[in-house]
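[1] Sequence and predicted structure below; questions after.
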Amino acid sequence: MGIVNVTPDSFSDGGDFYQTEQAVAHARQLIADGADILDIGGQSTRPGYQEIPPEEEAKRVIPVIEGIRRFATVPISVDTYFPEVARQALAAGADIINDIKGLDQPGMIDVIADYQCPVIIMHSRQRDKSLSVAEDIQRFYEEKMTLAVARGIKKEHICFDPGIGFHKAPEENVEILARPETFRYRDLPLLYGFSRKRTIARLTGNDAPKERDAGTLAASLFVKHKGVDIVRVHNVKATREAFAVWQALD
């Protein structure tokens, strides 16, 4: 999954692809580099971010979706927790909703049920410190699975993301990276998003986000070996080439 941040303030590449033309061109390059899915986001969720309203988020992402759809059929995921943005994005040609608030926002599950589209459900709640991180996340998965099934959402449309970096302690983020098998829900697909994040900085000592691709690549190979289905990354080309070599030698 290749990342297209249509934001001025994302922690890694904020402002690089803020204009629609730049974002669409970046999406085209990610496809050429081998992205299987594009993840379009109009809201930075870096630590301490200032939330923008759904109207502004839609103004950023909808033209990008429309622009990509003029030349590509690659699956498009939209990174949003606003149901009104999700609905507009799906109508514009998006295929998947990547909800970092894990269907906690009122109305989001209605959109998913109405469109019967795939959804990525992330754990980003405050941690229940009476439970281990694995127990807490598995309890969240069970809650969301029960809710989704009750609303007629197909099991095969659900993917879970344990939410590395969201309300977890540094050592918990490393545990999630190290033990993907513990953070999978039954046989459902599992997505990991750790590209250039502070967890990589913690492991490498590199404080410059754009210089964390080597650490991100090592983590991507490790979690793929451990069975993670989707890795969400900034540098698709390097990741694709590393996967190709690893698979050839495996």
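    Received, thanks.

[2] Every contact and neighbour count from this point should use C-alpha atoms.
    Fine.

[3] how near is Ser77 to Phe222?
    Between Ser77 and Phe222 the computed distance is 24 Å (CA to CA, to the nearest Å).

[4] Check what pLDDT the closest residue to Leu203 other than its chain neighbours gets.
    Across the structure, with CA to CA, 6 or more residues apart in numbering as the measure, the residue nearest Leu203 apart from its sequence neighbours is Gly215 (7.8 Å). Note on Gly215: pLDDT of 97.

[5] Buried residues, whichever strand or helix holds Gly215. List them.
    For Gly215, the host element (DSSP states H and E) is helix 213-225. Within helix 213-225, the residues that count as buried by 16 or more other CA atoms under 10 Å are Asp213, Ala214, Gly215, Thr216, Leu217, Ala219, Ser220, Leu221, Phe222, Val223.

[6] Could you do stretch 22-30 as well?
    If you call a residue buried by 16+ other CA under 10 Å, then stretch 22-30 has these buried ones: Gln22, Ala23, Val24, Ala25, His26, Ala27, Arg28, Leu30.

[7] With respect to Ile112, which of these is nearest?
    Comparing the buried residues of stretch 22-30 against Ile112 with CA to CA picks out Ala27 as the nearest, at 24.5 Å.

[8] can I assume the closest one is in contact with Arg69?
    No - contact criterion CA atoms under 8 Å: Ala27 and Arg69 do not qualify, at 10.7 Å.

[9] Ser77: what secondary structure?
    Assigned with DSSP: H, G, I helix; E, B strand; the rest coil, Ser77 falls in the strand class.

[10] what's in contact with the helix holding Gly215?
    177-178, 180, 194-196, 200, 203-204, 231, 233, 235, 238-239, 242-243, 246 (CA atoms under 8 Å, 6 or more residues apart in numbering).

[11] Please repeat the previous calculation with a cut-off of 7 Å.
    Defining contact as CA atoms under 7 Å, 6 or more residues apart in numbering, one finds that helix 213-225 is touched by Leu177, Pro180, Ser195, Arg196, Ile200, Thr204, Val231, Asn235, Thr239, Phe243.

[12] Next, format those residues as a markdown table and append distance to Gly93, neighbour count and secondary structure.
    Supplementary listing: the contacts of helix 213-225 in a markdown table, determined by distance: CA to CA, whole Å; neighbours: other CA atoms under 10 Å; DSSP: H, G, I helix; E, B strand; the rest coil:
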| residue | distance to Gly93 | neighbour count | secondary structure |
| --- | --- | --- | --- |
| Leu177 | 32 | 23 | helix |
| Pro180 | 32 | 20 | helix |
| Ser195 | 26 | 26 | coil |
| Arg196 | 28 | 25 | coil |
| Ile200 | 33 | 25 | helix |
| Thr204 | 39 | 13 | helix |
| Val231 | 22 | 21 | strand |
| Asn235 | 24 | 21 | coil |
| Thr239 | 26 | 23 | helix |
| Phe243 | 29 | 17 | helix |
